[in-house]
Every structure is written in C-alpha cells, then in structure tokens.
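>>> Sequence first, then the predicted structure, then my questions.
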Amino acid sequence: MAVTIRDVARQAQVSVSTVSRALSAPGLVKDATRQRVLDVVAGLGYQPNRAARSLITGRTGNLAVVVPDLLNPFFPSVLRGVQTKAGEAGTSVFFCDSREDPETEAELVRTMASQVDGVVLCASLLSDETIIDLAAATPLVLINRIVPGVSSVLMDSANGMEQVVTHLESLGHRDYVYLGGPAAAWSNNRRMQGLNGRAQLLGSFDPNFDGGYTAAEQALSTGATAFIAYNDLIALGALAYLAEHDVKVPEQISVTGFDDILYATMCSPALTTVHMPTEAAGEVAVDLLATLLEGGQPEHRELPTTLVIRASTARAHSQS
C-alpha cells in the first residue's frame, strides 16, 4: 500500500500538520523536527500528494514560463535555468510559446495564473500597463524587460553593444551598420542605446535567419565595413547572403552577432558575438519569484554580458 502522510507523522512522532509544514514551509518548523520528518520521508519513500498539499498550503507547486518563440535557440538555455532552479525546490514548470503575439502572451498569463504559483515572462512584447495589470493578478518576474514595480532580471545588452563597438573601432572600423531587430522589442531599443548613435541604423528585421538574409542584401549597398546584427540568427542569415555573393568575411566585411547561441561556434567563420548569461537569468528569475511568494517586495537584478571574439571580425578594409 502507498505510504501516507499519517504514516510519516506516526513514525516521526509529530502531527500531520507538522509533516505538511516541514515539507512545504520548512521555515516554520524547528530544524531538528524538520530533519526527523525528512529522515522518515526518505526511509518510507513517501511521495507527497501534490493536490492534497495544495489544499493545505494554497500553492500549486507549479510555475509557468512564457517565451515569444520556442524555435529561437536563445530561449532553451533560459528554460533550462528555470527548470534547474525550480527542480531544486520540487516545483514543476509549464512552458508556453506566445508566437511573438502580444495578445496571445497576455492570454497565456491570464490562463496560467489559476494553475501556477507564478509566471516568468521572457522578452515580453506587452505594454508596461498590461504587464503591471498582470503582475497585480499573479506573481510575475520579467526577463530582459524593465517595468517599474515588477520584479525583473536583465542581461546588460546596452553594455554588450558598447563592447561590440569598442572592438570594431579597435580594428579600424569607422563605418558600420546596425541590422536592427523588431521595432517593438525592448531589447532592440537597449542595444541601440549601447550603439549611442555611432552606427547607421538599417531597418527593422525579423529576428531570424531570413531576416538576416534580407538585411545583408540592403546593408551591402551602404559601403559599411562591418555589419552589427541584432542577434545571432540575423548574423547567420547575413553570413549566408554574403557567402552566396562572394563577399569574404572578415576580409571584406566584418560581422557580429548577439546572444552567443550554439550555432555561433558552428558557422563559418565562427561568429564574434556577445555572450548572454541566459541560464543564469533563468535561475535568478526563479529566485525572484520565490521572494514574491514569500511576501517580499519586487526586485531588479542585472547580469553582465561578455564579448566573445571569434573569426568573423578583422581589421577594416575599404569597400570602395
């Protein structure tokens, strides 16, 4: 027969409610008592009934993560960080894809709010006002977005872009063009802040391979000696276009990406890019959510980014 919470309480010589608190709110139980309960739990192989525990604690033991595009290789490592940290606390994670649609994103958060204890929202496309309303309805943590009064973890894109520009200028580049991402993307605006007006801004492109291919076709006519891409996927598309048109990288044009996804090391030439601490951001987001669930105030954390220099950048050569 299955081991019950009463079996644990009987052998640990405590009440059923003490067993429940030891497992769900350990801070409310003396260390010695909690350890005795845990020893009995391990010895009997007891598996808490999640539904029953939720009736006692008011918690579901679940959290949700909403991303704009699960096909974008930037997000799996964020999800891995969330799942790793949540798993340490015995929490299950639901993953949702908004398909880069703000209305779908908001509806997913509202739908999940009754099924989870909190939501992690990645690279949100929602307005500040909508995010504030959602945060009032359910504990909410943002990744790569800042909204006053809402917990968030930010990877410092602005500084990362400053590092890119400094690197290119050290190689003698003075004429470079930015292959921009979606105009509505908050991270695109942060990266433009890092450029600080030092690059020619070229359009607003889909943040994928096809967007980069189109962007490179337009950028090639500018005479720039370097292309700075909004993300690695756009950079990969640009590399493909340049290769197909016999433009050598980096001998004729240098190309940089942003995010340091896996494919950045697998393309030819390997891509100079900015490493984003995505997995760490996912872990921090869970910590911030735990703080909210414990009655704490919203917090903001910022994680540093690092330029990774590879083979796609070299000294500038005239395009005339």
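In hand now; what should we look at?
>>> buried stuff in stretch 99-115?
100, 104-106, 108-109, 112-113 (16 or more other CB atoms under 10 Å). (C-beta placed from N, C-alpha, C; glycine too.)
>>> Might you list the low-confidence residue ranges for the stretch 101-250 of the chain?
Applying pLDDT under 70 to the stretch 101-250 of the chain flags no residue at all.
>>> and the end-to-end length of stretch 201-208?
18 Å (CA to CA, to the nearest Å).
>>> ok, which stretches of this structure are helices?
Secondary structure of the chain (DSSP state H): helices located at 5-12, 16-24, 31-44, 50-57, 75-88, 102-112, 128-137, 157-170, 186-195, 209-219, 232-244, 278-293.
>>> With respect to R315, which of those helices lies nearest?
helix 157-170 (9.4 Å; CB to CB).
>>> Against which helices or strands is that closest one packed?
Judged by 3 or more CB pairs under 8 Å, 6 or more residues apart in numbering; DSSP states H and E, the packing partners of helix 157-170 are helix 186-195, strand 226-229, strand 254-256, strand 273-275, strand 306-308.
>>> Single out the most deeply packed of these.
Most buried of these, by mean neighbour count (mean count of other CB atoms under 10 Å): strand 226-229, with a mean of 31.
>>> From the contact counts, what lies against that strand?
helix 157-170, strand 176-179, helix 209-219, helix 232-244, strand 254-256.
>>> buried ones in the longest one?
Taking 16+ other CB under 10 Å as the neighbour-count basis, helix 157-170 is seen to contain the buried residues 157-165, 167-168.
>>> One more: the fourth one?
Of the residues in helix 232-244, 232-242 count as buried by neighbour count, 16+ other CB under 10 Å.
>>> Other residues contacting that helix?
72-74, 179, 181, 205, 207-217, 219-220, 227, 229, 248-249, 253, 255-261, 263-264, 267, 269, 271, 273, 312 (CB atoms under 8 Å, 6 or more residues apart in numbering).
>>> ok and it relative to helix 209-219, angle-wise?
Per axes from the mean of the first three to the mean of the last three CA atoms, to 10 degrees, the angle that helix 232-244 makes with helix 209-219 is 60 degrees.
>>> Save the buried residues of helix 157-170 as a markdown table, and put in distance to Q193 too.
Output for the buried residues of helix 157-170, formatted as a markdown table (distance: CB to CB, whole Å):
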| residue | distance to Q193 |
| --- | --- |
| S157 | 8 |
| A158 | 5 |
| N159 | 10 |
| G160 | 11 |
| M161 | 8 |
| E162 | 9 |
| Q163 | 13 |
| V164 | 13 |
| V165 | 12 |
| H167 | 18 |
| L168 | 17 |
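>>> with these in mind, which one is nearest to V284?
Distances from V284 to the buried residues of helix 157-170, taken by CB to CB, are shortest for S157, at 15.9 Å.
>>> ok, the closest one touching I146?
No: the criterion here is CB atoms under 8 Å, and S157 misses it with I146 at 11.4 Å.
>>> Show me which of the buried residues of helix 232-244 is closest to H300.
The nearest member of these to H300, counting by CB to CB, is D232 at 26.0 Å.
>>> Distance of T265 relative to N72?
17 Å (CB to CB, to the nearest Å).
>>> out of those two, which sits in the more crowded spot?
Set side by side, T265 and N72 show more neighbours around N72, with 19 against 12, by other CB atoms under 10 Å.
>>> need the contact list for the more buried one.
Counted by CB under 8 Å, 6+ apart, N72 has contacts 207-208, 233.
>>> What is the nearest of these to E129?
When the contacts of N72 are compared against E129 (criterion: CB to CB), the nearest one is P207, at 24.3 Å.
>>> residues in contact with the closest residue to that closest one other than its chain neighbours?
Distances taken as CB to CB, 6 or more residues apart in numbering put G181 closest to P207, at 4.8 Å, once the chain neighbours are dropped. G181 is in contact with 187-188, 191, 204-205, 207, 230-231, 234, counting by CB under 8 Å, 6+ apart.
>>> Please repeat the previous calculation with a cut-off of 6 Å.
Neighbouring residues of G181 by CB atoms under 6 Å, 6 or more residues apart in numbering: 188, 207, 230.
>>> follow-up on the earlier one: can you put the helices and strands packed on strand 226-229 in TSV and add distance to E283?
Putting these into TSV (distance: least, CB to CB, whole Å) gives the following:
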stretch	distance to E283
helix 157-170	19
strand 176-179	31
helix 209-219	29
helix 232-244	22
strand 254-256	27
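>>> Save the buried residues of helix 232-244 as a markdown table, and put in distance to T305 too.
Listed next are those as a markdown table, based on distance: CB to CB, whole Å:
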| residue | distance to T305 |
| --- | --- |
| D232 | 13 |
| L233 | 17 |
| I234 | 17 |
| A235 | 16 |
| L236 | 19 |
| G237 | 22 |
| A238 | 21 |
| L239 | 21 |
| A240 | 25 |
| Y241 | 26 |
| L242 | 25 |
